[in-house]
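K.L.:
model this:
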Amino acid sequence: MSINSRLKQAISSFIGGKIEPGYTSESKTSELYVRYILEILLSAANNEGALIYCQDANGDEANSYLFRRSPGQIYTKTEPFTHLVLEFPGKPLLEVHVGIMVRGISEIAHECDIAVLNREEANRCRKIRCEPDCSRVLIAIECKHYESELDLDLARSFIGLAAELQVEGDCYFVSNSSSVSVGKLLATRGLIWELNIAPGNTNNVNRLRYSFQRNFKDFKAKY
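P.N.:
Numbers count the residues shown, from 1 in each chain. Model prediction:
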C-alpha cells in the first residue's frame, strides 16, 4: 500500500465518516500528512470531551473539509475554506485551522500548518482582516513528511519559529521521519517534538495524542 493510501486509510478511521474528507486523488503526501496529524489532534479533543463541528469562513456548517493548500490568511473568503470548532462544555470556543498565518512576537507573520486558537481572536481577525496574535494560540503544529532522514536545518528553523510563536500552550515539531541529531537538538532546547509519527506506530501516535490532551486539559482548567 502506498504512503498516500495508508494516510487516507488512517484519516478515514479517525473521522469515522462524520465529515467528507475533502481530499482528492491529486492531494500531495505533505497535505495528507497535515490532515493525518489534524485527526490525531481532533481525537485528543474528543477524548477530552469536546463537541467538534466543521464550519466555513462565513460561520455556516460544512459537511466536507476544504483546507488551504498554501499559506493564507484566516480572513480570506476567496474560497469557502473550512475550520473546526471545538466546544468544551462551559468553556470558551476554540477553532482549529490549517495553513494560516499567525503574527509572532516580532510582529512578523509566520505559517502554522495547524493552529488551535481562541474563537474570540479568530472572529476579531476576520472582522478587521489581520493575522491572529500568537499569544491567543493554544497549539501550533509544524508538520514535516519526509521519505529520508530529517536534515538538521529543519530543527534549526523550528527553534527560530518556536521562539517567534510564544503561544499560550505548546508549539510542536511533528514528523513521520527521524533523526538522532534533530531529536537531540530539540530536546536540549526544551522544545516539544515527536518523530516517527505515522500509521502503525501506535505508541508514538498515542504519546502525541496524550500530549495534545494535556494542552486541552490545561485549557479547561484555566478557563
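K.L.:
may I have the secondary structure class of the residue lying closest to residue 61 once chain neighbours are set aside?
P.N.:
Leaving aside its chain neighbours, residue 61 sits nearest to residue 55 (6.1 Å; criterion: Cβ to Cβ, 6 or more residues apart in numbering). C-beta: built from backbone N, CA, C; applies to glycine. Classification of residue 55 using DSSP: H, G, I helix; E, B strand; the rest coil returns strand.
K.L.:
pLDDT averaged over the longest helix along the chain - what is it?
P.N.:
Ordering each helix of the chain by length in residues (DSSP state H) puts helix 202-222 first. For helix 202-222, the mean per-residue pLDDT is 98.
K.L.:
where does residue 84 fall, phi/psi-wise?
P.N.:
phi -100, psi 140 (degrees, to the nearest 10).
K.L.:
who does it form a beta bridge with?
P.N.:
residue 54, residue 96 (DSSP bridges).
K.L.:
how many residues are close by it?
P.N.:
By other Cβ atoms under 10 Å, the residues close to residue 84 number 22.
K.L.:
any weak-confidence spans in the chain?
P.N.:
Across the chain, the ranges flagged by pLDDT under 70 are 1, 13-26.
K.L.:
partner residues bridging the spatially most central residue of it?
P.N.:
Nearest residue to the geometric centre of the chain (Cα atoms, centre = their mean): residue 114, 2.5 Å. Taking DSSP bridges as the rule, residue 114 bridges to residue 98, residue 141.
K.L.:
my guess is it meets residue 140, correct?
P.N.:
Yes. The pair formed by residue 114 and residue 140 meets the contact definition of Cβ atoms under 8 Å, at 7.4 Å.
K.L.:
residue 112 and residue 140 touch, don't they?
P.N.:
Yes. Between residue 112 and residue 140 there is a contact under Cβ under 8 Å: 4.8 Å.
K.L.:
any common contacting residues for these two?
P.N.:
102, 165 (Cβ atoms under 8 Å, 6 or more residues apart in numbering).
K.L.:
neighbour count winner among the two?
P.N.:
Using other Cβ under 10 Å as the criterion, residue 112 and residue 140 rank with residue 112 on top: 28 against 25.
K.L.:
please report how far that one lies from residue 196.
P.N.:
Noted for residue 112: a distance of 22 Å to residue 196, by Cβ to Cβ, to the nearest Å.
K.L.:
what's the answer for residue 111, then?
P.N.:
24 Å.
K.L.:
what of residue 154?
P.N.:
Where residue 196 is concerned, residue 154 sits at a distance of 15 Å (Cβ to Cβ).
K.L.:
ok, those two, which is more surrounded?
P.N.:
Using other Cβ under 10 Å as the criterion, residue 154 and residue 196 rank with residue 154 on top: 19 against 15.
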